[in-house]
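Asks: Quick one: sequence and predicted model below, then my questions.
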Amino acid sequence: MTTPLTAWIEGIGFLAPGLPDWQTARAVLRGEQPYENAPSILPAPAILPPAERRRASRVVKLTLAIGLEAAAHAGADVAQLATVFSASGADGHNCHALCEQLAGEDRQISPTRFHNSVHNAAAGYWGIATGAMAPCQVLCAYDASFGAGLIDALGQVVLDRQATLLIAYDSEYPEPLFAKRPVPDVAGVGLLLTPERTERSLARITISPTASAAEPLADTALEILRTAIPAMRALPLLRRLALGEAGDICLDYLPPMQLGAAIQPC
């Protein structure tokens with residue numbers, strides 16, 4: 001990426017340990033209430049048909065929650081939105097179950113386990129739930145997955161002039177995989193990006209490459225969250241949006257290249 005990319009943010013969805021939605025996260029990021037770490041609470045995916053609802057994994061529940069919240073925040077029709085799903089891994093619990101099955105004597109894998117093992121499973125469930133037929137991208141860039149998803153979503157907005165929903169998320173792995181990939185819990189952020197300013201626009205965002213280093217968050221607990229879960233690399237951006245402050249921030253990407261983001265609230 002060499003040319004700055006600009007779009008308008010119209011909706012935000014959020015879910016993380018101790019932060020069940022954007023309203024709660026906004027209050028914490030504004031300093032109106034303290035951050036209290038607690039296991040992520042995943043709402044039941046009522047939008048799914050009963051059969052798929054029973055099969056829905058933690059990742060599916062997470063992505064539906066943050067995507068639908070962002071769309072509702074913007075008053076958008078989810079069936080019309082292009083989407084970008086970006087995660088450092090896939091379904092950690094399903095991966096663990098598959099490895100456990102293959103390590104035993106009975107190595108017969110259930111069809112449900114198998115189709116939930118692919119990296120784009122969450123995007124597939126999103127399509128089933130919303131009926132969306134718009135373009136969908138699914139990305140993985142390890143710890144840089146939020147930045148990669150943001151670049152891709154902004155690129156689609158700029159080139160295709162189409163509203164695009166970014167859903168960046170991560171899942172924890174049980175032991176023994178957790179020892180090698182210690183993501184503590186599920187968490188994610190949804191951003192609805194549009195090519196033009198409307199009455200619902202929250203802020204304008206422009207990103208470009210930078211060699212600057214991301215500054216740690218002043219709140220130690222939130223900084224731990226930011227560094228522990230790749231999708232939470234979005235927190236400096238979300239803090240700026242919560243405060244309604246204009247200015248420049250740096251988002252972690254692929255060192256030595258980072259992402260500079262200029263924010264201008266509406």
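Replies: Structure received. Numbering: from 1, shown residues only.

Asks: How far off centre is the host helix or strand of G149?
Replies: In the assignment (DSSP states H and E), G149 maps to helix 145-160. Relative to its chain's centre, helix 145-160 lies at 13 Å (CA atoms, centre = their mean, to the nearest Å).

Asks: Okay, buried residues for that helix please.
Replies: By 16 or more other CB atoms under 10 Å, the buried positions in helix 145-160 come out as 145-158. C-betas here are computed from N, CA, C, even on glycine.

Asks: following it, which helix or strand shows up next?
Replies: Heading C-terminal from helix 145-160, the first helix or strand you meet, by DSSP H and E, is strand 164-170.

Asks: quick one: that following strand to helix 145-160, angle?
Replies: 170 degrees (axes from the mean of the first three to the mean of the last three CA atoms, to 10 degrees).

Asks: Show me what strand 164-170 is packed up against.
Replies: Here strand 164-170 touches helix 58-74, strand 82-87, helix 121-130, helix 145-160, strand 187-194, going by 3 or more CB pairs under 8 Å, 6 or more residues apart in numbering; DSSP states H and E.

Asks: okay if I get these as CSV plus distance to E245 and mean pLDDT?
Replies: Converted to CSV, those look like this (distance: least, CB to CB, whole Å; pLDDT from 0 to 100):
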stretch, distance to E245, mean pLDDT
helix 58-74, 19, 96
strand 82-87, 25, 98
helix 121-130, 32, 92
helix 145-160, 19, 97
strand 187-194, 17, 98
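
Asks: Tell me which of these is the most buried.
Replies: Ranked by mean neighbour count under mean count of other CB atoms under 10 Å, those are led by strand 187-194, which reaches a mean of 28.

Asks: how far off strand 164-170 does it point, in degrees?
Replies: Angle, strand 187-194 to strand 164-170, by the same axes, to 10 degrees: 170 degrees.

Asks: now strand 187-194, how far from the centre of its chain.
Replies: Per CA atoms, centre = their mean, the centroid offset for strand 187-194 relative to its chain is 6 Å.

Asks: try stretch 57-68
Replies: 10 Å.

Asks: Touching that stretch from outside, list them.
Replies: Stretch 57-68 is contacted from outside by 13-15, 40, 42-45, 47-48, 56, 78, 83, 85, 87, 90-94, 116, 121-122, 125-126, 129, 165, 167, 169, 171, 186-190, using CB atoms under 8 Å, 6 or more residues apart in numbering.

Asks: Now it - C-alpha only, PDB.
Replies: The C-alpha trace of stretch 57-68 is given here as PDB (Å, rounded to 0.1, in the frame of the first residue of the first chain):
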ATOM      1  CA  SER A  57     -19.300 -22.100  17.500                       C
ATOM      2  CA  ARG A  58     -17.900 -19.400  19.700                       C
ATOM      3  CA  VAL A  59     -16.400 -17.700  16.700                       C
ATOM      4  CA  VAL A  60     -19.700 -17.700  14.800                       C
ATOM      5  CA  LYS A  61     -21.500 -16.200  17.800                       C
ATOM      6  CA  LEU A  62     -18.800 -13.600  18.100                       C
ATOM      7  CA  THR A  63     -18.800 -12.500  14.500                       C
ATOM      8  CA  LEU A  64     -22.500 -12.400  14.200                       C
ATOM      9  CA  ALA A  65     -22.700 -10.300  17.400                       C
ATOM     10  CA  ILE A  66     -20.200  -7.600  16.400                       C
ATOM     11  CA  GLY A  67     -21.300  -7.500  12.700                       C
ATOM     12  CA  LEU A  68     -24.900  -7.100  13.500                       C
END
